[in-house]
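Undergrad: please find the sequence and the predicted model below.
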Amino acid sequence: MPLNLIITGVGGQGNVLASQILGRTAVRHGFKVTIGETFGLSQRGGPVMSHICISETKNYSPIIPPNMAHIILGLEPLEGIRIINEFGNPETTYIVNSRPIHPLNVIAGEVEYPDPEWIRDVLAQAGKTLFWLDAAQLAMDLGGPIMLNMIMLGALCALPGFPVTGDQIKEILPEIFPKKAIEANLKAIDIGGGLITKDEN
């Protein structure tokens with residue numbers, strides 16, 4: 001403690017909501033939590049990064065110090081690799097959704113998006129553990145890309161020793177989502193947790 005976590009992705013993927021749900025759950029179960037967020041040039045499609053510090057004893061700075069992230073959760077692979085040099089270290093655990101979202105300059109043909117397999121190799125070598133998850137396809141199967149953040153949150157909470165469990169997250173989802181969306185989000189947490197369990201076996 002503190003546990004330093006970064007959730008990174010692009011605008012519209014729901015990483016701010018995921019960080020808020022995680023923070024609320026942790027506080028409810030007796031932890032001290034600070035959350036800091038940084039946004040790119042555009043809210044939708046630009047980089048979005050949430051810094052989350054979870055502690056048993058006190059509140060820490062909302063911005064994680066350089067190279068002190070214990071876990072980096074990447075909702076988009078390029079955004080996951082962007083922050084390696086600044087926040088990663090050899091003991092960092094990476095949980096990364098494997099499907100790219102091409103930024104505007106890639107769509108416009110100004111630059112090329114890196115080969116996702118190259119991104120995977122770099123992440124695997126950069127830290128202690130990499131969970132490279134095909135979570136976007138599972139989100140689509142469940143109901144659409146909006147489900148991605150909950151699948152990834154479920155994966156995060158299934159890490160051995162993580163202070164918040166998937167079941168604890170599920171307890172507060174009725175406070176966050178309308179009744180018609182609760183069942184799908186509960187299922188998303190279970191799907192994400194299953195990805196980590198499967199990867200460990």
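TA: The structure has been received and is ready for your questions. Remember, predicted model here, so these are calculated numbers, not experimental data.

Undergrad: Ile7 sits in which helix or strand?
TA: strand 3-10 (DSSP states H and E).

Undergrad: chain center to that strand, what's the gap?
TA: 6 Å (CA atoms, centre = their mean, to the nearest Å).

Undergrad: now for that strand, which elements pack on it?
TA: Here strand 3-10 touches helix 15-28, strand 47-55, strand 71-74, helix 77-82, going by 3 or more CB pairs under 8 Å, 6 or more residues apart in numbering; DSSP states H and E. C-betas here are computed from N, CA, C, even on glycine.

Undergrad: and after the helix or strand of the chain with the lowest mean pLDDT, which helix or strand comes next?
TA: None of the helices or strands of the chain scores lower by mean pLDDT, DSSP states H and E than helix 104-107, at a mean of 74. Counting by DSSP H and E, the element after helix 104-107 in chain order, helix or strand, is helix 116-126.

Undergrad: what are the C-alpha coordinates of that next one, in PDB please?
TA: Output of helix 116-126 as PDB, limited to C-alpha atoms (Å, rounded to 0.1, in the frame of the first residue of the first chain):
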ATOM      1  CA  PRO A 116      -0.700  -4.700 -32.300                       C
ATOM      2  CA  GLU A 117       1.500  -7.800 -32.000                       C
ATOM      3  CA  TRP A 118       4.500  -5.400 -31.600                       C
ATOM      4  CA  ILE A 119       2.600  -3.600 -28.900                       C
ATOM      5  CA  ARG A 120       1.900  -6.900 -27.200                       C
ATOM      6  CA  ASP A 121       5.600  -7.900 -27.300                       C
ATOM      7  CA  VAL A 122       6.800  -4.500 -25.900                       C
ATOM      8  CA  LEU A 123       4.300  -4.700 -23.000                       C
ATOM      9  CA  ALA A 124       5.200  -8.300 -22.300                       C
ATOM     10  CA  GLN A 125       8.800  -7.300 -22.000                       C
ATOM     11  CA  ALA A 126       8.200  -4.100 -20.100                       C
END
